[in-house]
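Student: Fold the following for me, if possible:
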Amino acid sequence: MPEKITVLLVDDHALVRRGFRRMLEDQADIVVVGEAGNGEEAVRLAQQLKPRVVVMDCALPGMSGLAATRKILEGSARNGSAAPQLLMLSMHSEETLVQQALAAGARGYILKSAMDLDLATAIRKVAGGETVLDAQLARASSLRGERGPGLTARELQILQLIVDGKSNKEIADQLELSVNTVAVHRANIMDALGIHKTAELVVYAIRNGLVNIP
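Tutor: Reported below is the predicted structural model:
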């Protein structure tokens, strides 16, 4: 018998985890070895259980799914153990998030809301080293052209400082930019994400894992 694919499920809703577990119970080659309800628990269980695949919710309370993904992979590299493959699950199809997930080390990004969600197949593919992107994402990307509305590295840097509570002048001083340049970047970030208030921007950035939270 080939070795089973061990899976750690990470989602802050117990009902969602239960649903995913049931989707996988009938798969002879997949076994769920653990569940985590937040990023910190995910990092601890990933180190303890050493699953082959971690199915990670993108929007977790506290430590985001993206931050937890980075910590899990950094921990494996530090310990010299085999790194799990990370499969990101999200309610959001924004290209910025997809780019951030892949940059963090995720092997796949699929939408929870997909009517034809085939979690088992996605798990098998990432376990085999393939990159898996939801078909809806691929379609949306082709419609937008090569460069979608993703944030640039500089915009993500400024977004982090905005979330840290810094004013335009403080950001300008830290990055050695003019206040006017920072204001333009802030406006571009809000325009790209379709957000008009700083408070909403901060909540969105944290909830969707676009920034690091200490």
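
Student: isn't residue 24 right up against residue 119?
Tutor: Yes - Residue 24 lies in contact with residue 119 (Cβ atoms under 8 Å); the separation is 6.6 Å. In this view, the C-beta of every residue, glycine as well, is placed from N, C-alpha and C.

Student: What segments of this structure are helices?
Tutor: Ranges of helices within the chain are 14-25, 39-49, 65-79, 95-104, 119-127, 135-144, 153-163, 168-175, 179-193, 198-207, based on DSSP state H.

Student: Quick one: closest of the ones you listed to residue 87.
Tutor: Nearest to residue 87 among the helices of the chain is helix 119-127 (5.0 Å), distances taken as Cβ to Cβ.

Student: and the direction of the closest one versus that of helix 14-25, what angle?
Tutor: 80 degrees (axes from the mean of the first three to the mean of the last three Cα atoms, to 10 degrees).

Student: Where among the helices of the chain is average confidence lowest?
Tutor: The minimum mean pLDDT among the helices of the chain belongs to helix 135-144 (a mean of 50).

Student: For residue 2, give me its contacts.
Tutor: Each residue near residue 2 by Cβ atoms under 8 Å, 6 or more residues apart in numbering is listed here: residue 29.

Student: I'd like to know how far it sits from residue 23.
Tutor: Noted for residue 2: a distance of 20 Å to residue 23, by Cβ to Cβ, to the nearest Å.

Student: Could you spell out which stretches of this structure belong to which domain?
Tutor: 5-143, 153-207 (automatic domain parsing).

Student: Among those domains, pick out the one with the most neighbours on average.
Tutor: domain 5-143 (a mean of 19; mean count of other Cβ atoms under 10 Å).

Student: Might one say that residue 36 is in contact with residue 10?
Tutor: Yes - between residue 36 and residue 10 there is a contact at 4.6 Å, judged by Cβ under 8 Å.

Student: what is in contact with these two at once?
Tutor: residue 42.

Student: ok, back up a step: list just the one of the helices of the chain that sits closest to residue 88.
Tutor: Nearest to residue 88, of the helices of the chain and by Cβ to Cβ, is helix 95-104 at 4.4 Å.

Student: Pull the CA coordinates from the closest one and hand them back as CSV.
Tutor: Only the C-alpha atoms of helix 95-104 are listed here, as CSV (Å, rounded to 0.1, in the frame of the first residue of the first chain):
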residue,chain,number,x,y,z
GLU,A,95,-5.0,38.7,-7.2
THR,A,96,-3.0,40.5,-4.5
LEU,A,97,-3.9,37.8,-2.0
VAL,A,98,-3.0,35.0,-4.4
GLN,A,99,0.4,36.6,-5.0
GLN,A,100,0.9,37.0,-1.3
ALA,A,101,0.0,33.4,-0.6
LEU,A,102,2.4,32.1,-3.3
ALA,A,103,5.1,34.5,-2.1
ALA,A,104,4.7,33.1,1.5
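
Student: Check which helices and strands that helix sits against.
Tutor: helix 65-79, strand 85-90, strand 108-111, helix 135-144 (3 or more Cβ pairs under 8 Å, 6 or more residues apart in numbering; DSSP states H and E).
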